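Chemist: Here is a sequence together with a model predicted from it:
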Amino acid sequence: MRKFNVVVTYETEADTAEEAALLMYQELTNKQPPLHFSVVDESNAATSIILDREKADEFASTDHTADPGNW
């Protein structure tokens, strides 16, 4: 399997970096998951991805750890 670095970008105003991180944490725990991601692969190739909420929710409802392709 390949490795990826997935980043969620969240722009906010705050007095400190810690407060900005806490505001993002609050957003993640109280609202729907984000759909906009930046993904970097092992070769440092970057891709911006916007997920379709319906497809993402369907994917998330399945246990993918049982998929032999993940072994």
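Modeler: Yep, that arrived. Numbers count the residues shown, from 1 in each chain.

Chemist: Could I get the contacting residues of the closest residue to Val7 other than its chain neighbours?
Modeler: Distance criterion Cβ to Cβ, 6 or more residues apart in numbering; nearest residue to Val7, sequence neighbours excluded, is Ser38 at 4.5 Å. In short, each C-beta sits where N, CA and C put it, glycine included. If you count contacts by Cβ atoms under 8 Å, 6 or more residues apart in numbering, Ser38 has them with 6-7, 9, 46-49.

Chemist: Now compare the residues you listed and name the two farthest from each other.
Modeler: Greatest spacing in the contacts of Ser38, by Cβ to Cβ: Thr9 and Thr47 (13.3 Å).

Chemist: related to what we said a few turns ago, in a strand, that's where the residue nearest to Val7 is, yeah?
Modeler: Yes - under DSSP: H, G, I helix; E, B strand; the rest coil, Ser38 sits within a strand.

Chemist: Against Tyr10, how distant is it?
Modeler: Distance from Ser38 to Tyr10, counting by Cβ to Cβ, to the nearest Å: 12 Å.

Chemist: now the longest helix along the chain, how far from the centre of its chain.
Modeler: Once the chain is assigned using DSSP state H, the helix that runs over the most residues is helix 17-30. Its chain's C-alpha centre and that of helix 17-30 lie 14 Å apart, by Cα atoms, centre = their mean, to the nearest Å.

Chemist: Name the residues of that helix that are buried.
Modeler: Along helix 17-30, these residues count as buried under the neighbour rule (16 or more other Cβ atoms under 10 Å): Met24.

Chemist: Now that helix: average pLDDT?
Modeler: Averaging pLDDT along helix 17-30 gives 94.

Chemist: Please apply the same query to stretch 60-71.
Modeler: The predicted model assigns stretch 60-71 a mean pLDDT of 73.
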